[in-house]
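In: model this:
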Amino acid sequence: MSRTILVSVLAGAAIGCATPNAVTYSPINAPPRPFVRRPPAEVDVIVGKPPARPTVDVGMFEVGQGMNDDGSGKSTASMIRTLREHAALRGCDAVQVMDVEVVGRNGWRVVRGVCEMYTDAEAGQTLSRVGGAPSGRLPGEGQSCVVASGGSITPQPCPYPLVCANSRCVSPYQ
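Out: As a prediction, this is how the structure comes out:
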């Protein structure tokens, strides 16, 4: 389990409030074409078998289980929705769920998935149909933000899944 995910889960457990599923992304191979943000419903989710179409594995996601308001862990279904959402933000054509691991004494789960990009002729047609542009802005994208630091400034966080970079809320996949 990555250190980032573990810290997020433990921090949420310590303060007893709802936390989103924590996501990390690690690039693996160069994409065969530019990434294009898409709606989550357009990302194929594949479980238990390789994709039927030719692909390149371009990255790996790890989704650490978040917490509900009552302190219970978020469901595996919620974690897979988060995986699909982040795959869409990243620009993956599909995400292949590799495993669901139970970690620690509390039985926290981690879902791992591979970001796939199709390499067949249909993939090129889809890119030209979408026009190579992101599919709209996320709520809060572009708004001002302040990252928490040891000073007296009150942090102004970005709405999930956006992150604060250069005092603006942006997609975590630039």
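In: CA only for contacts and neighbour counts going forward, please
Out: OK.
In: quick one: residue 77 is in a helix?
Out: Yes. Applying DSSP: H, G, I helix; E, B strand; the rest coil, one finds residue 77 inside a helix.
In: Burial check on it, number of neighbours?
Out: For residue 77, the count of nearby residues is 9 (other Cα atoms under 10 Å).
In: how much space is there between it and residue 40?
Out: Residue 77 is 14 Å from residue 40, where distance means Cα to Cα, to the nearest Å.
In: So for residue 87, what's the pLDDT?
Out: Looking at residue 87, its pLDDT reads 96.
In: now do residue 91
Out: Confidence score, pLDDT, at residue 91: 93.
In: Can you give me every residue that contacts it?
Out: Counting by Cα atoms under 8 Å, 6 or more residues apart in numbering, residue 91 makes contact with 35, 36, 37, 38.
In: which pair in those residues spans the largest distance?
Out: By the measure Cα to Cα, 35 and 38 form the most distant pair in these, at 9.4 Å.
In: Name the next helix or strand downstream of the worst-scoring helix or strand of the chain on mean pLDDT, please.
Out: Ranked by mean pLDDT, DSSP states H and E, the weakest helix or strand in the chain is helix 3-15, scoring a mean of 44. Remark: after helix 3-15, the chain's next helix or strand is strand 22-27, criterion DSSP states H and E.
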